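Asker: Model the structure of this input:
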Amino acid sequence: MELELLLLGLEPLVAVTVGAGAIVVGGGALALSPAFGEVLGKPELAQELQESGRSMVKTGLVLSLDAYDKVQTAWTETSTTVGQLLEEAKTEAKQVRMQEEVQAAS
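Answerer: I've put the predicted structure just below:
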C-alpha cells in the first residue's frame, strides 16, 4: 500500500518534469528553427524543426495536464478521507464524553 502511494505521488512529478523539459526543448526548437534554416540555407530544415518543436510542446502540455489531473484526483481523495476520519474522531470523542458523564452521574 505504501509503495503504491509512493508511486502515485511520483508519477505526476515525473510527468511534470518530462512535460516541462519537452516544453523548453520544443520551444527552443521553435524559436531557433528560422535561424537554422537561414544559416544553413535550408528552409525545409527550419520547417521540420518547427514541426518537431510544436509536437514536443504539445506533448509536454499533455503530460503536464495529465499530471495536474492526477494530482487533483489524489487531493480530492485525500481530503475526502481526512474528512471521514475527522467525522469518526468527533463521533468517538462525543461517545467518550457521554460515557464519562454517565459514569460521573452514577
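Asker: Low-confidence ranges, the chain, go.
Answerer: 1-27, 29-30, 32, 36-37 (pLDDT under 70).
Asker: swap the cut-off to 50 and go again
Answerer: Scanning the chain for pLDDT under 50 picks out the ranges 1, 3.
Asker: If you count neighbours, what's buried in stretch 42-53?
Answerer: For stretch 42-53, the neighbour count (16 or more other C-beta atoms under 10 Å) marks 46, 49-50, 53 as buried. All C-beta atoms are positioned from the backbone trio N, CA, C, and that covers glycine.
Asker: whoops, I mixed them up, stretch 52-68
Answerer: Buried residues in stretch 52-68 (16+ other C-beta under 10 Å): 53, 56-57, 60, 63-64, 67.
Asker: can you put those in CSV and add secondary structure and distance to Ser106?
Answerer: Formatted as CSV, the buried residues of stretch 52-68 follow (DSSP: H, G, I helix; E, B strand; the rest coil; distance: C-beta to C-beta, whole Å):
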residue, secondary structure, distance to Ser106
Gly53, helix, 79
Met56, helix, 75
Val57, helix, 73
Gly60, helix, 69
Leu63, helix, 64
Ser64, helix, 63
Ala67, helix, 58
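Asker: returning to that earlier point: among the buried residues of stretch 42-53, name the ones in helices.
Answerer: Assigned to helices by DSSP state H, the following of the buried residues of stretch 42-53 qualify: 46, 49-50, 53.
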